[in-house]
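Engineer: quick one, fold the following:
(one chain, ligands or ions: 1)
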Amino acid sequence: MKRLFYLLFAGIFAGILLFGSCEKVVYPPVVIEPPDTAVSYSLDIQPIWNDKCVNCHGGSRDPDLRQENSYDALTNGGYINTSEPEESELMKKLYGSHDSRALEAEKQLILLWIEEGAKNN
Ligand code: HEC
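Structural biologist: All right, here's what the predicted structure looks like:
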């Protein structure tokens, strides 16, 4: 009889442990939104124009690469080809007669910006 009592007791105890440990702890999922693009036109690309290009392309020569005009000048001026980024007039220029005007890393960034859809972001 005593043994049965112990068994019962142990059973209840195990049950409490078992069900107790089944308590659901819900951690909210950590959602990290990936940025839709890696390159920002205003933060990454325009500074290159400011630094390397506007002294010549400051309004009197196409494309006008001053901050307020550069995006329109490039996209409407036909310098950008998002379906074949490397064939963009801009890239051909930067790897052609303007080869020394920008660093390789800058050209890669510009290319990536075009590959990402040449967004005005
Ligand atoms: C020292 C002056 C100078 C600087 C700096 C300069 N350019 Fe130019 N760029 C010119 C001249 C002059 C032309 C026109 C002759 C030619 O096509 O090479 C030109 C032409 C271009 C063209 C072709 C325009 C067309 O309609 O055919 C593009 C695109 C261009 N530049 C982009 C740039 C970019 C981007 C930078 C900065 C990385 C830059 N340029 C820096 C002088 C400059």
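
Engineer: buried stuff in stretch 26-41?
Structural biologist: For stretch 26-41, a neighbour-count test (16 or more other CB atoms under 10 Å) marks 39, 40, 41 as buried. Just so you know, the C-beta spots here come from the backbone N, C-alpha and C atoms, and that holds for glycine as well.

Engineer: can you pull up the most central residue in the chain?
Structural biologist: Relative to the mean C-alpha position of the chain, the nearest C-alpha, by CA atoms, centre = their mean, is the one of residue 38, at 2.4 Å.

Engineer: please tell me how far it sits from residue 114.
Structural biologist: According to CB to CB, to the nearest Å, residue 38 and residue 114 sit 12 Å apart.

Engineer: picking up where we left off before, of the buried residues of stretch 26-41, which is the nearest to the ligand?
Structural biologist: residue 41 (13.2 Å; CB to the nearest ligand atom).

Engineer: what does the protein have sitting close to the ligand?
Structural biologist: 52-53, 55-57, 61-63, 79, 89-90, 93, 97-98, 101-102 (CB under 6 Å from any ligand atom).

Engineer: of those, which belong to helices?
Structural biologist: Among the residues of the chain next to the ligand, the members falling in helices (DSSP state H) are 52, 89, 90, 93.

Engineer: what is the most widely separated pair among these?
Structural biologist: 52 and 89 (17.1 Å; CB to CB).

Engineer: I'd guessed residue 44 sits against residue 109; true?
Structural biologist: Yes: Residue 44 lies in contact with residue 109 (CB atoms under 8 Å); the separation is 5.8 Å.

Engineer: overlap in contacts, those two.
Structural biologist: Common neighbours of residue 44 and residue 109 (criterion: CB atoms under 8 Å, 6 or more residues apart in numbering): none identified.

Engineer: tell me how many other residues crowd residue 111.
Structural biologist: Neighbour count for residue 111, taken as other CB atoms under 10 Å: 18.
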